[in-house]
Every structure is written in structure tokens, then in C-alpha cells.
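sequence and predicted structure are below.
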Amino acid sequence: MNRTGIVKDERYLDHVMDPGHPESPERLRVIYKMLEEPEMKNLLNLIPPRPATREELELVHAPPYIDQVAKTAGKPYYRLDMDTSTCAKSYETALLATGGLLELIKAVMEEKLQNGFALVRPPGHHAERDRAMGFCLFNNVAIGALYAIKQFSIDRVLIVDWDVHHGNGTQNTFYEDPRVLYISTHRYGYFYPGTGSAKEVGKGKGLGFTVNIPLSTRAGDAEYGMIFETLIKPIALEYRPQLVLISAGFDTHSDDPLGGMEVTEKGFARMTRILMDVAESTAQGRLAITLEGGYDVTAQGRSVKAVLKELAHASTFNEKDQLEQEKTLLPRLEGFILQIKEIQKPYWKSL
């Protein structure tokens with residue numbers, strides 16, 4: 001029996017922003033076309049989405065902000081921030097994006113599926129409690145984490161965000177909340193949105209439950225693999241999450257026009273495998289991914305395929321070759337890893 005699910009629906013193509021905007025319906029068209037390839041066709045279970053409820057949105061977002069987005073329904077165009085706008089169907093599509101992820105989480109938590117990928121848009125990790133930001137309307141992954149905590153009486157959710165941009169909205173949602181460990185790898189230094197310093201580690205009861213790993217440009221498969229293996233994995237295993245969520249942005253791909261990084265399909269497969277190992281160790285394998293950024297549509301399609309095949313245990317990716325590359329990189333990356341460890345050591349014995 002196939003144990004990997006996908007959320008897929010043509011209505012996710014209905015959300016359209018400015019002409020030429022990089023967050024376009026074409027991003028999903030290419031992915032959906034890839035899903036029709038013979039090797040993918042019978043590999044995955046389809047999960048129908050539903051609209052998120054008002055109560056679910058209010059787990060993260062302020063009522064006046066939800067009202068603001070709701071009022072855009074039926075309007076041909078409305079600008080929410082400098083690079084985020086809506087069309088007549090954007091509100092409905094955003095509800096389906098959040099609700100689609102919630103349905104995936106439900107299927108995983110009820111053990112109907114082992115894992116899955118919500119292939120939805122608009123993305124969510126920049127959306128703040130009271131405003132849209134960075135192409136994002138509602139914070140899908142943050143709502144998903146709180147939905148799982150509320151509906152399934154768990155108290156340890158891991159969110160790993162590998163988008164090239166820091167997930168400011170997700171971090172702010174959980175900055176004082178130990179029920180969610182938020183770990184982000186992202187490009188940092190004069191780069192959008194400007195948050196995500198390594199010294200941002202949480203506050204109050206949430207102190208130590210935010211882990212930021214800010215990177216310079218040109219980090220590739222070996223760098224990400226080493227960081228996931230030596231930093232993210234030990235912290236995650238010590239936290240012992242009951243559910244693993246991934247904000248998967250593919251704008252770290254070497255072909256992406258916005259990212260400046262050098263990750264390939266092999267790198268995304270490797271990161272997925274490491275997080276699957278964590279989920280299998282502490283969360284009975286329960287893992288759910290939601291789509292964030294990624295603006296070279298062809299590269300994103302190939303990368304999503306590599307991740308899906310990893311989730312479904314159908315990958316031909318050779319992890320040994322990747323490990324050899326990472327070993328050769330260790331001396332160059334050791335200083336950076338030690339810096340992050342020094343910041344996080346007060347909170348994590350495994351470091």
C-alpha cells in the first residue's frame with residue numbers, strides 16, 4: 001500500500017498576482033504535469049483539500065487581518081503589500097492552501113498515511129499575525145502546527161524551513177512557544193526579509209526553541225547536507241518531535257533566479273532523508289511538507305519529484321556519494337558549525 005500522500009487541486013492555479021510575478025500558477029502546472037509521468041502515477045495517494053475554517057485561521061491570524069483578506073474576494077485586484085496582491089479568487093485559494101495542508105496533517109496523524117506533500121499555493125511562511133508579506137497570505141505551516149497540537153493533543157512539533165528566505169512569520173508565531181521547535185536555513189545579509197540572525201533563539205518559555213542557521217550565497221548540496229546532519233538532526237532528535245513539518249522552498253536551487261544558492265535535486269533528497277530519519281526515530285514517521293518558494297519552474301518540478309520519490313521510498317539517490325562530498329567540505333565549514341553550536345549549546349545537550 002502506498003503511504004505517501006499529495007494535496008493537488010486545479011483550483012490552486014486560480015490565484016494570480018501581478019503580470020510576470022515569479023509566484024505564478026505555472027509553478028504548480030509544471031509540478032502537476034510531472035505527477036502524470038508513468039513512474040509517478042501510481043506512487044502517491046491523492047488527498048482532496050478543503051477550505052480552512054475561520055477558527056483555524058484564528059489560531060495564527062488576527063480577526064481584522066482575516067477580514068481584510070476576505071474582503072478581496074470577487075475583486076479583480078487588491079494590493080496587500082509591496083509584492084503581494086490578490087485577484088478575485090485569491091482568498092478562496094488561500095483557504096484551500098491552508099486547508100489542504102491541514103487535511104494532509106490529519107491523514108498523517110490518523111496514520112492513514114506515513115507522510116506527504118501539500119502541493120499548494122499561495123505559500124505562507126512570511127505571513128504575519130496581522131499582515132500579508134512576501135507573496136504569502138495565510139501562514140499555512142504555522143496554522144498546521146497549531147492545528148495538530150489542538151486536534152491531536154501533542155506538544156512537540158518540529159518545523160524545518162529550508163526556503164532561501166527566512167520564515168519571519170513562522171518564527172514570530174512560535175518565538176515564545178516551546179511546543180514548536182522552529183529551525184531555519186536561509187540566505188542572510190542584505191537579503192529579504194532581513195530577519196533570522198543566529199542570535200534569534202526564542203524568548204520566555206520559547207527560549208532555545210528557535211534555531212536560525214544563516215548562510216552566505218553559493219551554499220550547495222554538501223553544505224546543506226553537512227548542516228542538516230551535524231546541527232539540525234541532533235537538535236531535532238533531542239527535542240523528540242511528535243510530528244515533523246517542512247516548509248519546502250526550492251529557491252535554494254542552483255537554477256533559481258532569486259536565490260543565489262547551489263542546491264540540486266540530490267541536495268533536496270538528502271535533506272528529506274535526514275528529516276525522515278528524525279520522524280521515524282521520534283514521531284512514528286509522521287512528516288508533512290508544504291510548498292513555499294521556488295521560481296525556476298523546471299528546476300522546482302525536478303526537485304519536488306526527488307523529494308516525493310524519497311518520501312515514497314522509491315528514490316535512486318546514492319547517499320554514500322553525498323556523504324563523501326560532505327566529508328571533504330568539513331574543514332571549510334567547521335568554523336561556521338562551531339559558531340552555531342556555541343549559540344545553541346546552552347539549550348541543547350547533544351551539541
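In hand now; what should we look at?

hey, which helix is longest across this protein?
If you go by DSSP state H, the chain has its longest helix at helix 319-344.

now for that one, which elements pack on it?
The helices and strands touching helix 319-344, judged by 3 or more CB pairs under 8 Å, 6 or more residues apart in numbering; DSSP states H and E, are helix 221-227, helix 265-282. Just so you know, the C-beta spots here come from the backbone N, C-alpha and C atoms, and that holds for glycine as well.

which other helices and strands contact the first one?
For helix 221-227, the elements it packs on are strand 210-215, helix 265-282, helix 319-344, judged by 3+ CB pairs under 8 Å, 6+ apart.

tell me the average confidence for that helix?
Mean pLDDT, helix 221-227: 95.

can you name the residues in contact with it?
162, 185, 213, 215, 252, 262-264, 266-267, 270-271, 274, 322-323, 325-326, 328-330, 333, 337 (CB atoms under 8 Å, 6 or more residues apart in numbering).

among the residues you listed, the buried ones, what's the PyMOL command?
Provided next is the PyMOL selection string for whichever of the contacts of helix 221-227 are buried by 16 or more other CB atoms under 10 Å:
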select buried, resi 162+185+213+215+252+262+263+264+266+267+270+271+274+322+325+326+333+337
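
buried sites along stretch 31-44?
Per 16+ other CB under 10 Å, stretch 31-44 contains these buried residues: Ile31, Tyr32, Met34, Leu35, Met40, Leu43, Leu44.

dump the C-alpha coordinates for that stretch into PDB.
Taking C-alpha atoms only, stretch 31-44 is exported to PDB below (Å, rounded to 0.1, in the frame of the first residue of the first chain):
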ATOM      1  CA  ILE A  31       4.700  20.000 -10.900                       C
ATOM      2  CA  TYR A  32       1.200  18.700 -11.700                       C
ATOM      3  CA  LYS A  33       2.400  17.700 -15.200                       C
ATOM      4  CA  MET A  34       5.400  15.800 -13.600                       C
ATOM      5  CA  LEU A  35       2.900  13.900 -11.400                       C
ATOM      6  CA  GLU A  36       1.500  12.400 -14.600                       C
ATOM      7  CA  GLU A  37       4.700  10.700 -15.600                       C
ATOM      8  CA  PRO A  38       4.500   6.900 -15.600                       C
ATOM      9  CA  GLU A  39       7.000   6.500 -12.700                       C
ATOM     10  CA  MET A  40       5.000   8.800 -10.500                       C
ATOM     11  CA  LYS A  41       1.400   8.000 -11.400                       C
ATOM     12  CA  ASN A  42       0.700   5.100  -9.000                       C
ATOM     13  CA  LEU A  43       3.200   6.100  -6.400                       C
ATOM     14  CA  LEU A  44       1.100   8.600  -4.400                       C
END
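
centre of the chain to it, how far?
Centre-to-centre, stretch 31-44 and its host chain are 21 Å apart (CA atoms, centre = their mean, to the nearest Å).

the helices in the stretch 1-150 of the chain, which residues?
Using DSSP state H, counting those that start in this stretch, the helices of the stretch 1-150 of the chain run over residues 26-34, 38-41, 54-57, 63-70, 90-109, 140-152.

what lies in contact with the helix or strand following the last one?
Think helix 140-152. Sequence order places strand 157-161 as the next helix or strand after helix 140-152, per DSSP states H and E. The list of residues contacting strand 157-161 from outside it, by CB under 8 Å, 6+ apart, reads 125, 141-142, 145, 148-149, 167, 170, 174, 179-186, 232, 236, 239, 241-247, 249, 275, 278, 292.

quick one: buried ones out of those residues?
Neighbour counting with 16+ other CB under 10 Å marks 125, 141-142, 145, 148-149, 167, 170, 174, 179-186, 232, 236, 239, 241-247, 249, 275, 278, 292 as buried within the contacts of strand 157-161.

mind putting the helices and strands packed on helix 319-344 into CSV with distance to Lys199?
As requested, the helices and strands packed on helix 319-344 are exported to CSV (distance: least, CB to CB, whole Å):
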stretch, distance to Lys199
helix 221-227, 17
helix 265-282, 24
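
just say which of those is most tucked in.
helix 221-227 (a mean of 24; mean count of other CB atoms under 10 Å).

how about it as PDB, C-alpha atoms only?
Taking C-alpha atoms only, helix 221-227 is exported to PDB below (Å, rounded to 0.1, in the frame of the first residue of the first chain):
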ATOM      1  CA  ASP A 221      24.300  20.100  -1.600                       C
ATOM      2  CA  ALA A 222      27.300  19.300   0.600                       C
ATOM      3  CA  GLU A 223      26.900  22.400   2.800                       C
ATOM      4  CA  TYR A 224      23.200  21.800   3.300                       C
ATOM      5  CA  GLY A 225      23.800  18.100   3.900                       C
ATOM      6  CA  MET A 226      26.500  18.800   6.500                       C
ATOM      7  CA  ILE A 227      24.400  21.400   8.300                       C
END
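
need the helices and strands packed on helix 221-227 in a markdown table with mean pLDDT and distance to Tyr91, can you?
Output for the helices and strands packed on helix 221-227, formatted as a markdown table (pLDDT from 0 to 100; distance: least, CB to CB, whole Å):
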| stretch | mean pLDDT | distance to Tyr91 |
| --- | --- | --- |
| strand 210-215 | 98 | 30 |
| helix 265-282 | 97 | 31 |
| helix 319-344 | 87 | 39 |
